[in-house]
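Novice: Predicted model, plus sequence, below.
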Amino acid sequence: MWPKFYFNWLRKNSPTGSVEVYPEISDSYETNLPNVFVIGDLTGVPLLKMAAESGVQVWKYIPQLSNDHLDVVIIGSGPAGVSCAMEAKRLGKKYLVLESNLPFQTIQSYPNKKPIFAEPKNFITNSSIRIIDTVKEDLLKDLNKILNDNPIQIETNQRVVNIKKANVGYVLETESGSIFKTNAVVIAMGKSGDPKKLGIKGENEANVSYRLIDPKDTTGLSVVIVGGGDTAIESALLCAEFAKETTIIHRGKEFNKAKSDNIDLILELESQGKVNIIYESEVSEITSTSVLIKNQQSAKKIKADLVFIMIGTLPPIGFFKRVGIKLQNEKKVLDWVGLTGLVTFAMAAYIGKASFYGPSWFSFLASISAFVSTLSLICYSGILLAKKQTKFDLWKALKICYFLFAFSYFLTVYFLSTYQQFHLFGKYPAFHYTFLYSLTILVFGIRRILVRKTQYIYYQTLTLIGVQVLFLFLLPELILPALGEFGYLGSENGFIRKEIFPSDSYWKAYGFILAWPLSMGVLYDGGITKFWLIYGLSFSFILIPLLVYHYGKGAYCGWICSCGGLAETLGDEYRQKMPHSKTAYKWEHSGQYILFLAATLTILKLIGVFGKSIYPNLELGENIADSVKWVYDIVVDIGLAGVVGVGFYFFYSGRVWCRMFCPLASLMHIYARFSQFRIFSDKKKCISCNICTKNCHQGIDVMGYASRGIAMDSVQCVRCSACVSLCPTDVLEFGKLKKEVIQYDKLEAKSRK
C-alpha cells in the first residue's frame with residue numbers, strides 16, 4: 001500500500017496524456033521517402049497561419065531537376081496546399097495541385113459562424129494567403145477571392161491512392177485512374193482522415209453525426225454533443241441559439257484543451273441555463289431518441305434527437321502506410337537492426353572497459369557483443385544501400401562517419417588491449433571510452449548549438465561540454481596524473497594524496513561531479529576518508545537539495561550530469577521517441593527501488609566500516625552489502641546505465657535511464673516535490689498542438705499542464721527548454737513560485753481531489 005501512496009505523492013496528479021501520431025518528418029518537412037514532403041496540419045501544428053507559411057518554406061528544400069516531369073505535385077488544396085502552389089507559380093515552377101474534393105473543403109465543412117483565430121498574433125507569414133480573426137464564412141470569402149485573383153493549376157475530384165517510386169522521381173495514381181509523373185511530392189491534405197469513434201452500441205444510428213454544418217438544423221431539437229475540445233464547445237455555442245436543449249458530455253473534470261475564450265462563453269451559457277454540461281461521464285450507448293451516460297457512481301438516460309461526436313479525427317494513417325511513409329515512433333526492420341547494433345556496441349564498450357577490473361567472463365561477453373554489433377552494422381549498411389537513398393544529407397553523412405569512427409576506434413583499442421596486451425597511448429580501454437564519451441558530447445553539442453539557436457541552449461550546452469571535457473575527462477585522466485607525477489600534489493602524507501586521492505586514486509575526481517548514488521563509489525568505499533564522507537554527504541544531501549529547491553532538478557540533470565550531457569547532445573534529435581504510454585508512466589518511478597537498494601547497501605557498508613572495530617558483528621552487514629554490490633554494479637551501472645541508457649538512444653530517446661532508472665534522479669524527485677521551480681503557461685495562448693509533450697524526452701505531458709494553465713510541477717523535468725523554445729505560440733516560460741501561485745496550486749490540488 002505504501003509504495004502506491006508514495007508514488008502518487010511523487011506524481012502529484014501529473015497529467016499523463018498521449019501524443020497523436022503523425023508522419024515522421026525532418027526539419028525540412030521531408031519524410032523517409034526522398035523528396036516527399038508533408039506540410040500543414042500534418043506537421044502537428046493546427047494553425048492556419050503556420051500551415052500557409054509551411055507551403056512557402058517547403059520550397060527551400062524541393063530539388064531543382066531538369067526533365068519533362070512536373071517539379072512537384074501538391075496533394076490537397078487547403079491553406080497549406082494553395083500557399084505552396086502560389087509560391088510555385090511565383091517561382092516559375094511546373095506544378096499541379098490534386099484535390100479529392102473542392103478547394104478549402106475542410107474549412108467549408110466547419111460549422112456556420114465558427115470563429116477563426118489568427119494565431120500566433122505576432123507571427124508574420126510570407127504566404128500570399130493572409131489569415132485574420134474572423135468567422136468561417138468571411139474566411140472562405142477571402143480565400144476564394146485570393147484564388148480567383150491568382151488562379152493555380154488544380155485538378156479537383158482527384159483522390160491520390162498511391163505514390164510509387166520511379167527511376168526518376170515518383171508516379172502518382174488517383175482513384176479515377178489518372179497518372180502523374182513528378183520529381184517531388186508535397187502532401188498538404190490536412191488531418192482529413194476518419195473521425196475518432198467511441199466504439200459503442202448505436203454509434204451508427206441515423207441521428208449520430210461527426211460534424212456540424214448548419215446549427216439551424218438543430219432548431220427545436222434535443223442535442224447532445226460528446227467531447228471537450230474547441231470543436232465540441234464551439235458547436236454547443238452555435239446549437240444553443242437554435243436547439244430546444246443542448247448538452248455537452250465530457251469525460252474530464254474540466255475543459256483542458258479548449259481556448260479560454262470558448263470556455264468562458266460556454267460556462268456563461270451554462271450559468272444562464274442554455275447549456276447543460278455533464279463532466280466526468282461517458283456515453284455507453286446511443287439509441288434513435290436517447291443516449292445512456294455513465295460515470296463511476298451511476299448511469300442515466302437523457303433525450304437526444306441529434307448526437308454529435310466531436311472527439312477529434314485520425315490522420316490518414318492508412319494512406320501513409322500504403323505509400324511507405326514512416327509514422328512517428330513506428331518501428332521497422334531497419335530500426336530493430338539498428339537497436340541491436342547499438343545495444344550490443346554499448347554492451348561491448350561498457351563491459352569491455354570494465355573487463356580489466358571485473359570477472360574473467362566480462363572479456364568473453366564483451367567480445368561476443370562486439371561480434372554481434374559488427375554483424376548488425378553490416379546488415380544495417382546493407383539495408384540502407386538497398387533502399388537507394390538518392391538525396392545527399394551532409395549532417396547524416398557526417399553522423400554516420402562519426403559513428404563508424406567511434407565504433408572502430410573503441411573495438412580496436414579493446415581487442416589490442418585484451419588479446420595483444422597493447423594499450424594505445426599506455427591507457428586502458430576505460431580511458432578511451434571516456435575520451436569517446438566526451439568527444440561525442442562535444443561534436444553533437446556543437447550541432448545542437450547551431451540548430452537550436454536560443455541563448456538558453458547556447459549556455460546550457462557550453463556548460464555541459466565544459467563540465468564533461470574538463471572535470472570528467474581531462475582532470476581525472478590527464479591533469480591529475482600529470483600533476484602527481486611531477487610532485488605538484490604534495491607528499492603521500494599530505495592532505496591531497498591522503499584524503500582526496502588516497503593511493504593516487506585519481507579516478508575519485510569523478511566524484512566531484514557525479515554525486516552519490518549515481519556514482520556509488522563516492523560513499524560506498526571500504527577505505528573511505530573523512531574528506532569523501534563529508535563531501536559525499538554534503539553534495540547529495542545539502543548542495544543538490546539547495547539547487548533543486550531554487551532551480552529544479554534540471555539544475556543538475558540538465559546542466560551538470562554527464563548522463564544528461566549525452567542525452568541533450570547526442571540524444572537531441574531523438575527526443576520525440578520517448579513513449580507516453582500508460583506502461584511508460586508506470587515504469588518511470590522504478591528508479592525509486594534502485595535508490596532504496598543503493599541506500600541500504602551504502603548504509604550497511606558505512607556502518608561496517610566505522611563500527612566493526614567496536615562491534616565486530618557489524619562486519620556481517622558489510623559482507624552482505626559487498627555480496628550484493630557486485631550484482632548491483634552489473635545490473636544497474638553496466639546493464640541499465642551503460643547498455644540500456646546508451647543503447648536505446650535512437651529507439652526510445654536519450655533519457656530512458658534518466659527517466660526510468662537513475663537513482664540520483666529518483667533522490668532528486670523527492671527534493672523536487674518541494675522545489676520553487678516551475679514552467680508557467682499562458683493558457684489563453686495554448687492551442688493544444690501537443691508539440692511540447694511530443695518533444696519532452698522525459699515523457700511529461702506538458703500540454704496537460706499548459707492547456708489547464710497550471711504551473712508545471714512534474715518531478716521529471718530536466719530544464720532542457722525544448723517545450724519552451726519549440727512552442728509555436730510562446731505559451732511557456734521558466735519561473736519560480738510566488739506566494740499567490742502557491743496558494744493557487746493548493747486550491748487547484750483541492751479541486752482535483
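Specialist: Structure received.

Novice: if you go through the stretch 101-250 of the chain in chain order, where are the strands?
Specialist: With strands called from DSSP state E, counting those that start in this stretch, the stretch 101-250 of the chain shows them at 115-116, 134-135, 154-155, 160-165, 170-174, 179-182, 185-187, 208-209, 222-226, 245-249.

Novice: could I get those as CSV with distance to residue 447 and mean pLDDT?
Specialist: C-beta: built from backbone N, CA, C; applies to glycine. CSV is the format used below for the strands of the stretch 101-250 of the chain (distance: least, CB to CB, whole Å; pLDDT from 0 to 100):
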stretch, distance to residue 447, mean pLDDT
strand 115-116, 39, 81
strand 134-135, 42, 86
strand 154-155, 40, 92
strand 160-165, 30, 92
strand 170-174, 31, 94
strand 179-182, 33, 94
strand 185-187, 27, 95
strand 208-209, 49, 90
strand 222-226, 46, 94
strand 245-249, 48, 94
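
Novice: closest one to residue 454 among those strands?
Specialist: Residue 454 lies closest to strand 185-187 among the strands of the stretch 101-250 of the chain, at 29.0 Å (CB to CB).

Novice: tell me the domain boundaries of the chain?
Specialist: 36-187, 208-309, 328-666 (automatic domain parsing).

Novice: Nearest to residue 730, out of those?
Specialist: The nearest among the domains of the chain, by CB to CB, is domain 36-187 at 6.9 Å.

Novice: so how far does that closest one reach from one end to the other?
Specialist: Using CA to CA, to the nearest Å, the end-to-end distance of domain 36-187 comes to 8 Å.

Novice: Please identify the deepest-packed of the strands of the stretch 101-250 of the chain.
Specialist: Highest mean neighbour count of the strands of the stretch 101-250 of the chain: strand 185-187, a mean of 28 (counted as mean count of other CB atoms under 10 Å).

Novice: how far is it from where the chain is centred?
Specialist: Its chain's average C-alpha position is 25 Å from that of strand 185-187, according to CA atoms, centre = their mean, to the nearest Å.

Novice: Regarding the residue lying farthest from the centre of the chain, what is its secondary structure?
Specialist: In terms of distance from the mean C-alpha position of the chain, residue 614 ranks first, at 53.3 Å (CA atoms, centre = their mean). The assignment at residue 614 comes out as coil when based on DSSP: H, G, I helix; E, B strand; the rest coil.

Novice: Make a markdown table out of the strands of the stretch 101-250 of the chain and add distance to residue 634.
Specialist: Output for the strands of the stretch 101-250 of the chain, formatted as a markdown table (distance: least, CB to CB, whole Å):
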| stretch | distance to residue 634 |
| --- | --- |
| strand 115-116 | 60 |
| strand 134-135 | 64 |
| strand 154-155 | 64 |
| strand 160-165 | 47 |
| strand 170-174 | 51 |
| strand 179-182 | 55 |
| strand 185-187 | 48 |
| strand 208-209 | 58 |
| strand 222-226 | 52 |
| strand 245-249 | 53 |
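
Novice: who wins for proximity to residue 641 among these?
Specialist: In terms of CB to CB, the element of these nearest to residue 641 is strand 185-187, at 41.0 Å.

Novice: quick one, phi/psi of residue 529?
Specialist: phi -90, psi 170 (degrees, to the nearest 10).
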